[in-house]
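>>> Return a 3D structure for these sequence lines:
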Amino acid sequence: MVKPDPEKWLCVGAISGAYGVKGEVRLKSFCAEPTAIADYGPLFSEDGLRSFKITLTRPVSGGLGARLSGVATKEEADALRGQSLYVGRDKLPSLPDDEFYHTDLIGLEARDTGGAVLGKVIAVHNHGAGDLLEIGTAAGSILLAFSLATVPTVDLAAGRIVVDLPEGLD
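Next up is the predicted model:
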């Protein structure tokens, strides 16, 4: 098994703790279709030293129940609490032109519709109502809905987005 290059891997989930007493974990999937997390082959720890084959068992409150290869006890599952899980980018499907992986947006320069630099995308958040871009500016940071109306242009090749600032933020 070849360990993915950290420069080319994406976080697809996290272990939020043990579920039951037989080594099952509660898994939080960051995939658009949560159960797809099991389709990408082995998932790696952030340091790349451990890999896990995932077998989903059932839906549970706040995520999915799963068995991980090499985890057989509640104590082993508990020890993995908070562990993020990564996969090589090459294992993920290509996206349509109007969809983006969060990691591709982070670091892009943000400009207003007049071309003035606002700052950089420092994070992408989703609290259930859609993606929010956090733009780091000289004055702090602002949160903007990641929608076609607010962000009409994403140019990955040029490393920038164009932002149509809502009234009150311009």
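>>> any idea how far residue 163 is from the residue sitting furthest away from the middle of the chain?
Taking C-alpha atoms, centre = their mean, the residue of the chain most remote from its mean C-alpha position is residue 114, at 30.5 Å. Remark: distance between residue 114 and residue 163 (C-beta to C-beta, to the nearest Å) = 11 Å. (Each C-beta comes from the backbone N, C-alpha and C, glycine too.)
>>> Check residue 60 too.
38 Å.
>>> Of the two, which one has the most company?
Each of residue 60 and residue 163 has its neighbours counted (other C-beta atoms under 10 Å); residue 163 has more, 23 against 16.
>>> contacting residues for the residue lying closest to residue 118 once chain neighbours are set aside?
Leaving aside its sequence neighbours, residue 118 sits nearest to residue 110 (C-beta to C-beta, 6 or more residues apart in numbering; 4.4 Å). Counting by C-beta atoms under 8 Å, 6 or more residues apart in numbering, residue 110 makes contact with 117, 118, 119, 120, 121, 133, 135, 160, 161, 163.
>>> separation between residue 110 and residue 119?
5 Å.
>>> What of residue 88?
30 Å.
>>> before we move on, what about residue 125?
According to C-beta to C-beta, residue 125 and residue 119 sit 16 Å apart.
>>> Comparing those two, which residue is more hemmed in?
It is residue 119, of residue 125 and residue 119, that has more neighbours when counted by other C-beta under 10 Å, with 18 against 12.
>>> Wasn't the more buried one part of a strand?
Yes - assigned with DSSP: H, G, I helix; E, B strand; the rest coil, residue 119 falls within a strand.
>>> how near is the nearest residue to it once chain neighbours are set aside to residue 55?
Spatial nearest neighbour of residue 119, excluding adjacent residues (C-beta to C-beta, 6+ apart): residue 137 at 3.9 Å. Taking C-beta to C-beta as the measure, residue 137 falls 45 Å from residue 55.
>>> quick one: residue 138 and residue 117, what's the gap?
Taken as C-beta to C-beta, the span from residue 138 to residue 117 is 9 Å.
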